[in-house]
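> can't give you the sequence, but here's the structure:
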C-alpha cells in the first residue's frame, strides 16, 4: 500500500509539472528567434564586439549585414548567431566569372566558416527594381558562379544564395491572390526562380507596409498596417482573411511565384520596419507608430506565425534595423529606422530589452512598460488558478487511494 501511495504521489507531481510546462505561466516556455539587419552607414556606431554583446544579451540569433566586413565576421566567430552577408552591387560584374567568384568565396567566406555561422549570401540588393539593366543582367550569372564556388568548396549545403527584392517587383499585390511580377521582368525573373528552385534557396523580399500607408494614408487603415486589431480584408478568390498588410504582401509574392510555375519556394522577409522620424511629407513616421509596428510584429514572431496562405510555415522576418545610421542619404526617415541609438540606448521602447547583462540569463521581453501592471495581475490570477488545480488534484488522488 505504501508503494501504491508513493506511486500516486509521483503521478500527481508529473501531472502538475506537465500542466505547468504547457501553460502560459510555465517556467519552461520557449522563445522564438528572429532576425535583425545590422547596417553600418554611420560614423558613430559601436565596434562589432559591442554589437555582438547587445545581440547576445537580447538572444537575437540571426542578423544580416550589407557587406563582408572582416571585423564583423571575426567578432561573430563562435557566437552561434546566424549571419547573412552581402555582395555589394558594384561587385556583380566581376563575380559572373566563375574563377573570380571562387576567389571571392575563398577569401571572403571560407576563412571565417564554420566558426562564424554564415548561412546566406545576398547577391546585390533590390537589383530588379533599379534602373541599371546591365547590372540586372549580371545578377543570375553571378549567383550561379557564387553557388558553383560554394559547391567546389563543399559549402553549398550550409550557405544559401539569393537576392533581396523590393516589393516593387510586383505589378499587382491586391488582393494577394492576384499577385504577379512586372511584365518586363518575366525573362530574368524566370531564370532567377529556376535558380532558387534548383538550389532550394528562398525568395527574399523587403516589405514595408509603411510605404503603402505613407502614399495613401486616407485609403489605408493605420491599424491594418500596424498589426493592431481591425476588421482586415478577405481575399475574394481564396476567401482567406488578412488582419495585417505585411502578411498580405508576402502572400502576394507567393502567388506571383506560383503564377510563374514555381510553387513551393519559401518566401522570407529580409527587411521590414517603421521609421520613428520623418520629413513633413512622410506621414506616419513617428516614434509611437514605429514602436507599435515593431512590438506587434515581434509578438507575432513569438507565436511562430505563418501567413494565411501558409499558416503552418513560420514566416522568417528580419527587422530593419538595429541602429539609426546617421550617414544614410535620402529623406529623414532613412536615418531613423533603428531600434537603438549608436550609444546602445533604445531609440524608443519597443519592449525588446535585455533583462541581464549576461547572455546565460538574458531573455526577450515583448511587454511594454504600459502593460506590465496588467501582466502582474494576470500572473497573480494564474498562480491562484494553479493553487486551486493543485488542491483539487491532490484531493482526487488522495480520496481514491485503496487504504
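Yep, that arrived. Fair warning: this is a prediction, and the values are worked out from it, not measured in the lab.
> distance of residue 130 relative to residue 46?
Noted for residue 130: a distance of 31 Å to residue 46, by Cβ to Cβ, to the nearest Å. Glycine gets a C-beta too; all of them are placed from N, C-alpha and C.
> in the stretch 101-250 of the chain, mark out all the strands, start to finish.
Counting by DSSP state E, counting those that start in this stretch, the stretch 101-250 of the chain has strands at residues 118-123, 160-162, 164-166, 170-172, 180-181, 203-206, 233-234, 241-242.
> how far off centre is the fourth one?
Using Cα atoms, centre = their mean, to the nearest Å, the distance from the centre of strand 170-172 to the centre of the chain it belongs to is 23 Å.
> repeat that for the second one.
Relative to the chain's own centre, strand 160-162 is displaced by 16 Å; criterion: Cα atoms, centre = their mean.
> and stretch 135-144, by the same measure?
For stretch 135-144, the separation from the chain centroid amounts to 26 Å (computed by Cα atoms, centre = their mean).
> list the buried residues for it?
By neighbour count on 16 or more other Cβ atoms under 10 Å, the buried set for stretch 135-144 is 135-136, 138-144.
> which outside residues touch it?
87, 89, 92-93, 95-96, 101, 123-124, 127-128, 130, 161-163, 188, 191-192, 195 (Cβ atoms under 8 Å, 6 or more residues apart in numbering).
> state the mean pLDDT of it.
For stretch 135-144, the mean per-residue pLDDT is 98.
> can you check stretch 209-229 too?
98.
> buried ones in that stretch?
Burial within stretch 209-229, assessed by neighbour count using 16+ other Cβ under 10 Å, is assigned to 209-214, 220, 222, 224-227.
> re earlier: in helices, which of the contacts of stretch 135-144 appear?
92-93, 95, 101, 188, 191-192, 195 (DSSP state H).
> in CSV: the strands of the stretch 101-250 of the chain, plus mean neighbour count, distance to residue 330 and mean pLDDT.
Converted to CSV, those look like this (neighbours: other Cβ atoms under 10 Å; distance: least, Cβ to Cβ, whole Å; pLDDT from 0 to 100):
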stretch, mean neighbour count, distance to residue 330, mean pLDDT
strand 118-123, 22, 20, 98
strand 160-162, 23, 25, 98
strand 164-166, 23, 14, 98
strand 170-172, 17, 22, 98
strand 180-181, 20, 26, 98
strand 203-206, 23, 15, 98
strand 233-234, 16, 31, 98
strand 241-242, 16, 30, 98
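> closest to residue 321 out of those?
strand 203-206 (11.6 Å; Cβ to Cβ).
> the buried residues of stretch 209-229 in helices, which ones?
Among the buried residues of stretch 209-229, the members found in helices (DSSP H) are 209-214, 222, 224-225.
> between those, which sits nearest residue 231?
Looking across those and measuring by Cβ to Cβ, the closest to residue 231 is residue 224, at 8.5 Å.
> how many neighbours does the nearest residue to that closest one once chain neighbours are set aside have?
Nearest residue to residue 224, sequence neighbours excluded (Cβ to Cβ, 6 or more residues apart in numbering): residue 230, at 5.0 Å. Residue 230: 15 surrounding residues under other Cβ atoms under 10 Å.
> thought residue 230 was touching residue 242?
No. Using Cβ atoms under 8 Å as the test, residue 230 is too far from residue 242 to be in contact (10.0 Å).
> wait, isn't residue 346 in contact with residue 338?
No. Applying Cβ under 8 Å as the test, residue 346 and residue 338 come out as separate, 9.5 Å apart.
> of these two, who's got more company?
Counted by other Cβ under 10 Å, residue 346 and residue 338 do not tie: residue 338 has more neighbours, with 27 against 14.
> can you give me the distance of that one to residue 213?
Taking Cβ to Cβ, one finds residue 338 at 20 Å from residue 213.
> who touches the residue nearest to the spatial centre of the chain in this structure?
With distances taken as Cα atoms, centre = their mean, residue 317 lies nearest the centre of the chain, 1.8 Å away. Going by Cβ under 8 Å, 6+ apart, residue 317 touches 34-35, 268-269, 272, 297, 301.
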